[in-house]
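Peer 1: give the three-dimensional model of this entry:
(one chain, ligands or ions: 2)
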Amino acid sequence: MTDLPLILLEEVSVNHEEYVVLEHISAQVNEGELVYLIGKTGSGKSSLLRTLYGDLRLASGKGNVCGYDLQALKPQTVHKLRRKLGMVFQDFGLLLDRSVDANLDFALQATGWKDNKAKRLRIEEVLTAVGLPHKGYKMPFELSGGEQQRVAIARALLNDPPLLLADEPTGNLDPETTEEILDLIHTLPNQGKTLVMATHDWASMDKRPGRVWKCEHGHMIDTPRPISVR
Ligand SMILES: Nc1ncnc2c1ncn2[C@@H]1O[C@H](COP(=O)(O)OP(=O)(O)OP(=O)(O)O)[C@@H](O)[C@H]1O
Ligand SMILES: [Mg+2]
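Peer 2: Ligands and ions are numbered 1, 2, ... in the order given. Model (predicted):
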């Protein structure tokens, strides 16, 4: 193991081809930290997350995520980084043509799990962890939005990743369900998981303080544990 923080960025820029979204980003995130990624629409939150999970190429600067050098990532090796990451998105991203169990099985299969009994056990574990122990047989359309997001969180947890990246995970949910999902998500740093979450939910940040990364005017401003970010 290395002594590197889970995320280490030095003078990183976030680009879409030649278009620079954010530049001169230097920051680090240690194990168990909670980071809120905030900023107006179009300020670069999703693009920064995409850079962290190797979906956007690092154009300049140095970046290391879960021990993987972002500059050295290649299309053939990016799956190694992805195995260390759980990702959760606003639109849940479940495969609609198959059951919850089959969705989770598909994700396990894609990350190299072969043994059917081990897969079965792991699926039960993660569904229990998100409060859906008996819903594995359901199709996504038979679940509420909040339940679908719980399944997506279960999927992100399958490989017990140290780092979770969430892009507006409650953006499609009503206020009450948002609270339930945030309560679930916020148990994760207590379990040693590190969480970076893009959000527009100010109330949640007031209730559960964390480090704040604010994207603004092409830069990211890093504020550790503010009282209020408004
Ligand atoms: N695939 C893409 N190709 C080119 N430019 C893009 C692409 N995706 C986003 N952009 C541009 O990058 C900038 C940042 O977009 P991004 O989606 O990262 O913002 P965001 O902060 O996540 O916004 P939102 O709060 O609406 O989700 C915007 O100017 C956007 O138009
Ligand atoms: Mg976005």
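Peer 1: which element follows the strand or helix carrying Ala118 toward the C-terminus?
Peer 2: Assigned by DSSP states H and E, Ala118 belongs to helix 116-129. As assigned by DSSP H and E, the chain's next helix or strand after helix 116-129 is helix 145-157.
Peer 1: got the residues of this structure near ligand 2?
Peer 2: Remark: the part of the chain in contact with ligand 2 comprises Lys45, Ser46, using CB under 5 Å from the ion. For the C-beta atoms, the positions are set from N, CA and C on the backbone; glycine is no exception.
Peer 1: who in the chain is up against ligand 1?
Peer 2: Residues of the chain found near ligand 1, taking CB under 6 Å from any ligand atom as the criterion, are His16, Tyr19, Val21, Gly39, Thr41, Gly42, Ser43, Gly44, Lys45, Ser46, Ser47, Cys215.
Peer 1: restricted to strands, list these.
Peer 2: Using DSSP state E, the members of the residues of the chain next to ligand 1 that fall within strands are His16, Tyr19, Val21, Cys215.
Peer 1: what comes up buried for the lowest-mean-pLDDT helix or strand in the chain?
Peer 2: Every helix and strand of the chain was ranked by mean pLDDT, DSSP states H and E. The lowest is helix 202-207, at a mean of 80. Residues of helix 202-207 classed as buried: Ser204, Met205 (neighbour count, 16 or more other CB atoms under 10 Å).
Peer 1: go on, stretch 103-114?
Peer 2: Asn103, Leu104, Asp105, Ala107, Leu108, Trp113.
Peer 1: could you look up the SS state of the third one?
Peer 2: The three-state assignment at Asp105 reads helix, by DSSP: H, G, I helix; E, B strand; the rest coil.
Peer 1: what's the pLDDT at it?
Peer 2: At Asp105, the model reports a pLDDT of 98.
Peer 1: need the contact list for it.
Peer 2: By CB atoms under 8 Å, 6 or more residues apart in numbering, the contact set of Asp105 is Lys119, Ile123.
Peer 1: distance of it from Leu56?
Peer 2: Separation of Asp105 from Leu56 (CB to CB, to the nearest Å) stands at 29 Å.
Peer 1: quick one: average pLDDT of whichever strand or helix holds His79?
Peer 2: For His79, the element it lies in under DSSP H and E is helix 78-83. Helix 78-83 carries an average pLDDT of 90.
Peer 1: helices or strands up against that helix?
Peer 2: Applying 3 or more CB pairs under 8 Å, 6 or more residues apart in numbering; DSSP states H and E, one finds that helix 78-83 contacts no other helix or strand.
Peer 1: what do you get if the cut-off is 10 Å, keeping everything else the same?
Peer 2: For helix 78-83, the packing partners by 3 or more CB pairs under 10 Å, 6 or more residues apart in numbering; DSSP states H and E come out as strand 68-69, helix 100-110.
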